[in-house]
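A.B. asks: Predicted model and sequence follow; I will ask about them next.
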Amino acid sequence: MRVTDWTKAGADTRKRALARPATRGDDKMRGAVADIIERIRGEGWDALVEICEQIDGGAPQRIAVAPYADKARGLFDAETLDAIDLARANIARFHRETLPENVAVETVPGLTVEKRWVPLSSAGLYIPGGKAPLFSTLLMLAVPALTAGVQRLVVVTPPRPDGGLDPAIALAAELTGIEEIWTIGGAQAIAALAFGAGEIEPVDRICGPGNAWVAQAKAQVAALPGGPGIDLPAGPSELMVIADASGDAARIAADLLSQAEHGEDAQAILVATDDTIIGAVGREVEAQMASMGGDFAPVRAVRCANLEEAVEIANTYAAEHLSIALPTADALRLAERITNAGAIFAGPAAAESFGDYLAGSSHVLPTDGAARYTGGITALSFMKAISVQSIDDAAAARLGPAAAALARLEGLEAHARAAEIRAEKVSEAAE
Ligand SMILES: NC(=O)c1ccc[n+]([C@@H]2O[C@H](COP(=O)([O-])OP(=O)(O)OC[C@H]3O[C@@H](n4cnc5c(N)ncnc54)[C@H](O)[C@@H]3O)[C@@H](O)[C@H]2O)c1
Ligand SMILES: N[C@H](CO)Cc1c[nH]c[nH+]1
Ligand SMILES: [Zn+2]
């Protein structure tokens, strides 16, 4: 495990210790994504089929969910089926209870402005499937979207080598009531959702995590005229763990490896105030990796002077997931000082895996430092606020002159008159 001593390190070394890989891709990849989008936007279905065959080895298919969901019920034992339903129920409960409320504010007597939340009409949900089919991501997107009240949901996920649909994805789709699901992956899936292709109708917003191809395509379609909205940069998984001498090395190592398992560009970083815990976590990481086999991204560590410094490092890094491996009460106190993180796991029992599957909040969270300016997916990601103004005649007459004065400051005479005409109508009525 590579260890950086934060206190002794210069600016460059500190930067390197927290560096993320260049996940957004190089110019060549950006160009290839632009070509895919342009072709599907211009030529529709035929281009989509050709590109899907080239990249993923098969034409896109709309899958009927029920037969695969039936298959899943035959394959999975009762405990697994209950676990999936428990996850769905917890996610539904969390998002239902955190729905925003409409608010009406009487800013001046007689003038009311409402903030009214309405669901988007449609949304596209990207479910990653390159390394592993992430059925849990379907729950983490579809449940908040349905809680928000979105009418039309279109799910896309990369095709499997043997065709068909992953049974767990099928089951999650059936449990949430998803009816439209296509086997399309990567940039081509995003282009099809954005501009439509064949029977795939364009959507208002595209949400969901993915690799660099997916992230790049989302950014590009959102920037095009008439393109959809997108959610947030949700790329390769990240976990930072803050620990001191009281940390449980086995649990910390297990958490770090749980995210290192996502792929070679995953980020798993221990920030600790104590050399003994760093050594113990390093040994645990090796032992646990050996016992599981498989590929893991490297785990690294930063040795800092104290918890103050650990908080600074965490806020600078802005991790997708931040575990605070201190006794729970201390962890919760420290969490109050964290300003940048997608999700915080406070205390030694708070496994990041609970957040990935069943705690209730969505696991679709900002990566690459985007936690500086955004949180993860919630029902709000599938809603928008419309403001509604209503005003009585007397208030309109009182406010007319002020609005007109402001409009004339901007040289906008028609605006000024549209405000003043309200006052005129009221004085005419009074005569
Ligand atoms: N931040 C979050 O909330 C969150 C949640 C879940 C997963 N994730 C991340 O999502 C990512 C999923 O990535 P993945 O690769 O497993 O699945 P993916 O579905 O995102 O990407 C697979 C698709 O990428 C395209 N692709 C791959 N190589 C290509 C190439 N050379 N040329 C053109 N297209 C190519 C293919 O179409 C393929 O189907 C992981 O990094 C995981 O950590 C993040
Ligand atoms: N940890 C991932 C988000 O970074 C989500 C996930 C899905 N399945 C397992 N984990
Ligand atoms: Zn995970």
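C.D. replies: Cool, the structure landed. Ligands and ions are numbered 1, 2, ... in the order given.

A.B. asks: Please identify the helix or strand for the closest residue to Met1 other than its chain neighbours.
C.D. replies: Among residues not flanking Met1 along the chain, Gly282 sits closest, at 4.1 Å (CB to CB, 6 or more residues apart in numbering). The way it works is simple: take the backbone N, C-alpha and C, and place the C-beta from them, glycine included. Using DSSP states H and E, Gly282 sits within helix 275-292.

A.B. asks: that older thread, the residue nearest to Met1 and Arg300 touch, don't they?
C.D. replies: No - using CB atoms under 8 Å as the test, Gly282 is too far from Arg300 to be in contact (9.9 Å).

A.B. asks: List, one by one, the residues from the stretch 151-300 of the chain near ligand 1.
C.D. replies: Residues of the stretch 151-300 of the chain lying near ligand 1 by CB under 6 Å from any ligand atom: 158, 185-186, 209-211, 213-214, 234-237, 262-263, 266.

A.B. asks: where does the chain have low pLDDT?
C.D. replies: For the chain, applying pLDDT under 70 flags the ranges 23-24, 425-431.

A.B. asks: Using the record's domain definitions, break it down for me.
C.D. replies: According to automatic domain parsing, the chain comprises the domains 2-20+235-357, 44-101+119-231, 392-430.

A.B. asks: Which one of the ones you listed lies nearest to Thr378?
C.D. replies: Nearest to Thr378 among the domains of the chain is domain 44-101+119-231; the distance by CB to CB comes to 5.8 Å.

A.B. asks: Start and end of the closest one, how far apart?
C.D. replies: 24 Å (CA to CA, to the nearest Å).

A.B. asks: do it and ligand 2 meet?
C.D. replies: Yes - using CB under 6 Å from any ligand atom, domain 44-101+119-231 reaches ligand 2 at 134, 136-137.

A.B. asks: Filter those residues down to the buried ones, PyMOL style.
C.D. replies: With 16 or more other CB atoms under 10 Å as the criterion, this PyMOL line picks the buried residues out of the residues of domain 44-101+119-231 next to ligand 2:
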select buried, resi 134+136+137
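
A.B. asks: Spit out the residues that contact Gly282 and Arg300 alike.
C.D. replies: Counting by CB atoms under 8 Å, 6 or more residues apart in numbering, the residues touching both Gly282 and Arg300 are 1, 3.

A.B. asks: mind giving me a markdown table with the domains of the chain and columns for distance to Leu365?
C.D. replies: Below are those laid out as a markdown table (distance: least, CB to CB, whole Å):
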| stretch | distance to Leu365 |
| --- | --- |
| domain 2-20+235-357 | 3 |
| domain 44-101+119-231 | 8 |
| domain 392-430 | 41 |
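
A.B. asks: Nearest to Gly31, out of these?
C.D. replies: Of all the domains of the chain, domain 44-101+119-231 comes closest under CB to CB, at 10.2 Å.

A.B. asks: so what's the backbone phi/psi at the closest residue to Glu264 other than its chain neighbours?
C.D. replies: Counting by CB to CB, 6+ apart, Ala297 is the residue found nearest to Glu264 once chain neighbours are left out, at 5.4 Å. Per-residue torsions, Ala297: phi -70, psi 150 (degrees, to the nearest 10).

A.B. asks: Ok, Lys384 next?
C.D. replies: Taking degrees, to the nearest 10, you get phi -140, psi 160 for the backbone angles of Lys384.

A.B. asks: which ones are touching it?
C.D. replies: 117-118, 120.

A.B. asks: Any idea what it is bridged to?
C.D. replies: Lys384 forms beta bridges with Val118, as assigned by DSSP bridges.

A.B. asks: quick one on the thing from earlier: return the distance of the residue nearest to Met1 relative to Ala9.
C.D. replies: 18 Å (CB to CB, to the nearest Å).

A.B. asks: that older thread, could I get the contacts of Lys384 as a markdown table with neighbour count?
C.D. replies: A markdown table is the format used below for these (neighbours: other CB atoms under 10 Å):
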| residue | neighbour count |
| --- | --- |
| Trp117 | 17 |
| Val118 | 12 |
| Leu120 | 22 |
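
A.B. asks: And these, which is closest to ligand 2?
C.D. replies: Taking CB to the nearest ligand atom as the measure, ligand 2 lies nearest Leu120 of these, at 23.0 Å.

A.B. asks: Grab the nearest non-local neighbour of that closest one.
C.D. replies: Closest to Leu120 by CB to CB, 6+ apart is Asp204, at 4.7 Å.

A.B. asks: Give me the neighbour count for the residue nearest to Met1.
C.D. replies: For Gly282, the neighbour count with other CB atoms under 10 Å is 19.

A.B. asks: what's near enough to touch it?
C.D. replies: 1, 3, 299, 301.

A.B. asks: swap in Val241?
C.D. replies: 252, 255-256, 269-271, 322-325 are the contacts of Val241 under CB under 8 Å, 6+ apart.

A.B. asks: So which of those belong to strands?
C.D. replies: Judged by DSSP state E, those include 269-271, 322-324 as members of strands.

A.B. asks: and the residue nearest to Arg14 when sequence neighbours are not counted, what does it touch?
C.D. replies: Excluding the flanking residues, the one nearest Arg14 by CB to CB, 6+ apart is Trp6, at 6.5 Å. Listed by CB under 8 Å, 6+ apart, the contact set of Trp6 reads 14, 17, 302-305, 309, 313.

A.B. asks: Which one of those residues sits in the busiest neighbourhood?
C.D. replies: Top of these by neighbour number is Val302, holding 24 neighbours under the definition other CB under 10 Å.

A.B. asks: doesn't Val3 make contact with that one?
C.D. replies: Yes - applying CB under 8 Å as the test, Val302 and Val3 come out as touching, 7.5 Å apart.

A.B. asks: what secondary structure does Ser390 sit in?
C.D. replies: Under the three-state scheme (DSSP: H, G, I helix; E, B strand; the rest coil), Ser390 adopts strand.

A.B. asks: re the thing from before, I'd like the ones in strands among the contacts of Val241 laid out as a markdown table, including neighbour count and distance to Ile63.
C.D. replies: Shown next, in a markdown table, are the ones in strands among the contacts of Val241 (neighbours: other CB atoms under 10 Å; distance: CB to CB, whole Å):
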| residue | neighbour count | distance to Ile63 |
| --- | --- | --- |
| Ile269 | 25 | 38 |
| Leu270 | 29 | 41 |
| Val271 | 30 | 43 |
| Leu322 | 28 | 37 |
| Ser323 | 30 | 37 |
| Ile324 | 31 | 41 |
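
A.B. asks: What residues of stretch 28-42 count as buried?
C.D. replies: For stretch 28-42, by 16+ other CB under 10 Å, it's 30, 32-33, 36-37, 39-41.
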